[in-house]
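Student: take a look and give me a structure for this.
(chains A and B)
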Amino acid sequence: DGGITQSPKYLFRKEGQNVTLSCEQNLNHDAMYWYRQDPGQGLRLIYYSQIVNDFQKGDIAEGYSVSREKKESFPLTVTSAQKNPTAFYLCASSIVGSTDTQYFGPGTRLTVL
Amino acid sequence: RKEVEQDPGPFNVPEGATVAFNCTYSNSASQSFFWYRQDCRKEPKLLMSVYSSGNEDGRFTAQLNRASQYISLLIRDSKLSDSATYLCVVNPAGGYNKLIFGAGTRLAVHP
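Tutor: Prediction:
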């Protein structure tokens, strides 16, 4: 089955700790994205990557970092510099292009204790 | 002004009702438009793309009015399983596939 997987589904972290969220896709998509969703708000773009070894900041990149060493994988690290990290994190992928839609993984719900 | 605005709802309707959601977008150069459905605590899933001439998929009809920068989604004969949040999504003009998401309109269909 082709798709996007994210792990873990739920993650708890103590303040001051970095944590890495996994995102893997086997759709052969070049582009991958990370979004954050807070209650009552639309998804906001954190980082995106259109090709291996290249990525760009989205609208809310502060306190986050990413890597894209393989086409299939786009992990997101939430650093201790992120002031309000508790949120629902969604990874997506797409064929590179201006009109194609994006397909989402099941998400990771991060809670900072 | 938000780039994509939606009435948050909730819309509470009985089974069998027809319900319409509206969405406005601020960038007049926007290229493509979508409706996504998101169930509680799940990921968004593409419901349908929205084409300039309007398009229909079963009980769902999407319309686009570029002059008014307005998108709509009509659901006929509502089912209990239609209960979800509907996200209006816009791809503005640009060099990459950036999507702008509305905050969503919540629909609750009751027996």
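Student: OK, contacts around the residue nearest the centre of chain A?
Tutor: Centroid check for chain A by Cα atoms, centre = their mean gives residue A:34 as the closest residue, at 2.8 Å. With contact set as Cβ atoms under 8 Å, 6 or more residues apart in numbering or on different chains, residue A:34 has these partners: A:23, A:45-48, A:58, A:64, A:66, A:74, A:76, A:89-92. Using the backbone N, CA and C atoms, a C-beta is placed for each residue, glycine as well.
Student: any idea how far residue A:60 is from residue B:39?
Tutor: Applying Cβ to Cβ, to the nearest Å, the value for residue B:39 to residue A:60 is 24 Å.
Student: looking at the two, which is more packed in?
Tutor: residue A:60 (15 against 12; other Cβ atoms under 10 Å in any protein chain shown).
Student: for the more buried one, pull up the helix or strand it's in.
Tutor: Assigning secondary structure by DSSP states H and E places residue A:60 outside every helix and strand.
Student: that one touches residue A:47, doesn't it?
Tutor: No. Residue A:60 lies out of contact with residue A:47 (Cβ atoms under 8 Å); the separation is 9.3 Å.
Student: how about the residues of chain B near chain A?
Tutor: B:4, B:8, B:31-32, B:34, B:41-46, B:49, B:87, B:91, B:93-104 (Cβ under 8 Å from any Cβ of the partner chain).
Student: quick one: buried ones out of these?
Tutor: B:4, B:32, B:34, B:43-44, B:49, B:87, B:91, B:97-104 (16 or more other Cβ atoms under 10 Å in any protein chain shown).
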